[in-house]
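S.K.: predicted model, plus sequence, below.
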Protein chains: 2
Amino acid sequence: MSTYKLYYWPGIQGRGEFVRLAFEAAGATYEDVARLPAARGGGVAAMQKLMQGAAPQAPMAPPFVVAGDEMVAQSANILAWLGPELKLVPRDAANRRWAHQLQLTVADFVDEAHNTHHPIATHFYYEDQKREARKYTAGFLENRVPKYLGYFEGVLTRNPAGPRHMLGKSLTYVDLSIFQLIAGMRYAFPRAMARTESGYPNLVALHEATAQVPNVARYLASKRRIPFNQNGIFRHYPELDR
Amino acid sequence: MSTYKLYYWPGIQGRGEFVRLAFEAAGATYEDVARLPAARGGGVAAMQKLMQGAAPQAPMAPPFVVAGDEMVAQSANILAWLGPELKLVPRDAANRRWAHQLQLTVADFVDEAHNTHHPIATHFYYEDQKREARKYTAGFLENRVPKYLGYFEGVLTRNPAGPRHMLGKSLTYVDLSIFQLIAGMRYAFPRAMARTESGYPNLVALHEATAQVPNVARYLASKRRIPFNQNGIFRHYPELDR
């Protein structure tokens, strides 16, 4: 397959990061198109041109990936597509479905994490929905985070191949996504996570082990890894982190 | 394949309805387990037992489907799995990915439609978040609905096989899901939809044509179709429908 072209907002990790992590862990050659200069065919305008173009399968939103003849959107769909090629998922159909199911549950969690700072409308500033953000986040931290992390911890515990991976006995894109989820939660809610993460020892161990996978460690130390910031999905507002 | 067993909340259409519509349109034999009496192995308790069970692949939430040796959750994942068997998606991999991408975009819309009445927390009553629901819904109707419906209308318009189907030239599970989305929006927001749906003529035509597919028409007229109600995803609160 030719070089993968990833299209995503250039200033944030966001939903594109789940795809970036897969490319990086696999050592794949890819272009992060919107981060390239316009002179090299990059920039946000190049991305938006494809979204607003006449292609029958133009995507509604990034991230999307172009490879060969295909243009595919939705982060979980991209990972289901490229996972086998990147050797980041078992080859059999049943395990691919199970990996995808877990990835969709990660995506649900990510949506809720986003809503902590934007419960009312994405097109309003956080500052215009702070009061609602506090109410939403209280329930998120008290009810939703334990529900999701408890579920993922249970999946690790019940993995017949052992609790070192979400499924099977080697690294998959689901492990990478769980790494990202824990990293994001620690950035956004350091106090809440410090208080509760000991209840999820297998998730914490998976986060550590994944960060030390050589390709992942190299990526995290590189400039290609955009730092967490206040424009992404995981944002740190101390007033929300109680 | 043996009889499909669908597990979903018995009193609502909800996210299970996208799967029910696929089974019904295909004329498949399935059991809607949580709606069966406990004496026949049904009821919500039977569903929750599987969710809380020791199976390595226990799902976090319904809907999920058991067929053969597999138990698969997440409505879009279920449809991607069973679509080829039910002949509700083209057989080639690229079109299956495209159908799944559209289905995931439908799922995103459904999440936002749910948030119109529960913007703060699923575990609070609507009555305890009415003020926030009004603010959320105003932005939903003004910005998000046109964005999603405009996108889906564009997909129909650009379909190389013509605007009668979301992809290809025959009925897919994506058409069924778009039917459900329009039906739900008309139930929840009749005034807003009456005002705006003429802007989406191909979506409206797809809704009508899908409702007249014989298996779908029979299902909609049967007791198996749970009526829209105030516990589901699409709820009608006149104060939100401005």
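M.R.: Done, it's in. Being a predicted model, the structure only gives us computed values, none of them experimental.

S.K.: show me where chain A has strands.
M.R.: For chain A, the strands defined by DSSP state E occupy A:4-7, A:30-32, A:64-67, A:70-73.

S.K.: quick one: is the third one near chain B?
M.R.: I take that to be strand A:64-67. No: for strand A:64-67, no contact with chain B is found by CB under 8 Å from any CB of the partner chain; the gap never falls below 8.8 Å. For the C-beta atoms, the positions are set from N, CA and C on the backbone; glycine is no exception.

S.K.: would you mind listing where chain A has pLDDT under the threshold?
M.R.: For chain A, the stretches with pLDDT under 70 are A:1-2.

S.K.: that older thread, now the strands of chain A in a markdown table, with mean neighbour count?
M.R.: Below are these laid out as a markdown table (neighbours: other CB atoms under 10 Å in any protein chain shown):
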| stretch | mean neighbour count |
| --- | --- |
| strand A:4-7 | 23 |
| strand A:30-32 | 18 |
| strand A:64-67 | 22 |
| strand A:70-73 | 20 |
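
S.K.: break chain A into its domains for me.
M.R.: Following automatic domain parsing, one gets these domains for chain A: A:4-82, A:93-240.

S.K.: which of the ones you listed sits closest to B:Ser170?
M.R.: With respect to B:Ser170, and counting by CB to CB, the nearest of the domains of chain A is domain A:4-82 at 16.3 Å.

S.K.: hmm, back to that, let's have the strands of chain A in a markdown table, adding distance to A:Tyr136.
M.R.: Listed next are the strands of chain A as a markdown table, based on distance: least, CB to CB, whole Å:
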| stretch | distance to A:Tyr136 |
| --- | --- |
| strand A:4-7 | 30 |
| strand A:30-32 | 31 |
| strand A:64-67 | 29 |
| strand A:70-73 | 27 |
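
S.K.: leaving out sequence neighbours, find the closest residue to A:Met185.
M.R.: Spatial nearest neighbour of A:Met185, excluding adjacent residues (CB to CB, 6 or more residues apart in numbering or on different chains): A:Met193 at 5.3 Å.

S.K.: what segments of chain A are helices?
M.R.: Shown for chain A, the helices assigned by DSSP state H span residues A:17-26, A:44-51, A:75-82, A:93-115, A:130-139, A:145-158, A:173-188, A:190-196, A:201-211, A:214-220.

S.K.: and among these, the most buried is which?
M.R.: For those, the largest average neighbour count (mean count of other CB atoms under 10 Å in any protein chain shown) is found in helix A:75-82, namely a mean of 25.

S.K.: show residues contacting it.
M.R.: Applying CB atoms under 8 Å, 6 or more residues apart in numbering or on different chains, the contact partners of helix A:75-82 are A:4, A:15-16, A:18-19, A:22, A:63-65, A:67, A:70, A:72, A:88-89, A:96, A:99-100, A:103-104, A:106-107, A:173, A:177, B:97, B:100-101, B:104.

S.K.: is it true that A:Arg235 touches A:His117?
M.R.: Yes: assessed by CB atoms under 8 Å, A:Arg235 is found in contact with A:His117 at 5.1 Å.

S.K.: what touches both of those two?
M.R.: By CB under 8 Å, 6+ apart, A:Arg235 and A:His117 have these common neighbours: A:Tyr126.

S.K.: burial check on A:His165, number of neighbours?
M.R.: A:His165 has 21 neighbours, counted by other CB atoms under 10 Å in any protein chain shown.

S.K.: now swap in the one 5 residues further on and tell me
M.R.: Look at A:Ser170: counted by other CB under 10 Å, it has 13 neighbours.

S.K.: ramachandran angles for it?
M.R.: Note on A:Ser170: its backbone torsions stand at phi -140, psi 170 [degrees, to the nearest 10].

S.K.: wait, what's in contact with it?
M.R.: The neighbourhood of A:Ser170, defined by CB under 8 Å, 6+ apart, contains no residues.

S.K.: so how far is A:Val145 from it?
M.R.: Going from A:Ser170 to A:Val145 by CB to CB, to the nearest Å gives 28 Å.

S.K.: cool, A:Asp241 as well?
M.R.: Distance, A:Asp241 to A:Val145, by CB to CB: 12 Å.

S.K.: list the residues that contact both of the two?
M.R.: A:Ala192.

S.K.: for the residue nearest to A:Leu104 when sequence neighbours are not counted, give me its contacts.
M.R.: Distances taken as CB to CB, 6+ apart put B:Gln74 closest to A:Leu104, at 4.3 Å, once the chain neighbours are dropped. Contact analysis of B:Gln74 by CB under 8 Å, 6+ apart lists A:100-101, A:104-105, B:59.
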